[in-house]
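**Student:** I'd like to go over a predicted model; first the sequence, then the structure.
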Amino acid sequence: QVQLVESGGRWVQAGGSLRLSCAASGRTFSSYNVGWFRQAPGKEREFVAAISRSGSRTRYADSVKGRFTISRDNAKNTVYLQMNSLKSEDTAVYYCAADTVILTIRTGADEYDLWGQGTQVTVSS
């Protein structure tokens, strides 16, 4: 079974940058689409970005388009989320998740079946 571990979250000032990592165990990681989601206090978990198995296709939420970039290195079993021009509204716990079922990139949190424990990102204005 694949396990996902996020890292890289921390406090940062508005306008700054962070790179989150999602490291996976298991040799089948490259078989899965992977998404990043976030959840702010009192809010529902929301889609941020997703990437296909090969990394050739990506999708982004409108709120992060042009600021965030998702990428993956299957040789390292790792997916990254580069976050630039951070805003206070980006403050949330960020989760990576794998979709082990469907090949089409999906954006619904309930469509992903493997989740990491999350990493906190705090953006201070």
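**Tutor:** Perfect, thanks for sending it. Predicted model, so just to flag it, every value in this text is computed and none were measured.

**Student:** need the residues that contact stretch 117-125.
**Tutor:** 5-14, 16, 18, 20, 38-39, 83, 86-95 (CB atoms under 8 Å, 6 or more residues apart in numbering). (Glycine included, C-beta is placed from N, CA and C.)

**Student:** show the average pLDDT along that stretch.
**Tutor:** Averaged across stretch 117-125, pLDDT comes to 97.

**Student:** report the buried residues of that stretch.
**Tutor:** 118, 119, 121, 123 (16 or more other CB atoms under 10 Å).

**Student:** tell me which of those fall in helices.
**Tutor:** Using DSSP state H, no member of the buried residues of stretch 117-125 falls in helices.

**Student:** how close does the residue most central in space within the chain get to residue 10?
**Tutor:** Closest to where the C-alpha atoms of the chain average out (CA atoms, centre = their mean) is residue 36, at 2.2 Å. Remark: distance between residue 36 and residue 10 (CB to CB, to the nearest Å) = 16 Å.

**Student:** grab the nearest non-local neighbour of residue 49.
**Tutor:** residue 70 (4.1 Å; CB to CB, 6 or more residues apart in numbering).

**Student:** for that neighbour, grab the count of nearby residues.
**Tutor:** If you count neighbours by other CB atoms under 10 Å, residue 70 ends up with 24.

**Student:** swap in residue 44?
**Tutor:** 8.

**Student:** mind listing what it touches?
**Tutor:** Contacts of residue 44 (CB under 8 Å, 6+ apart): none.

**Student:** cool, and the one 5 residues further on?
**Tutor:** The contact partners of residue 49, taken as CB under 8 Å, 6+ apart, are 35, 36, 58, 59, 60, 61, 64, 68, 69, 70, 81.
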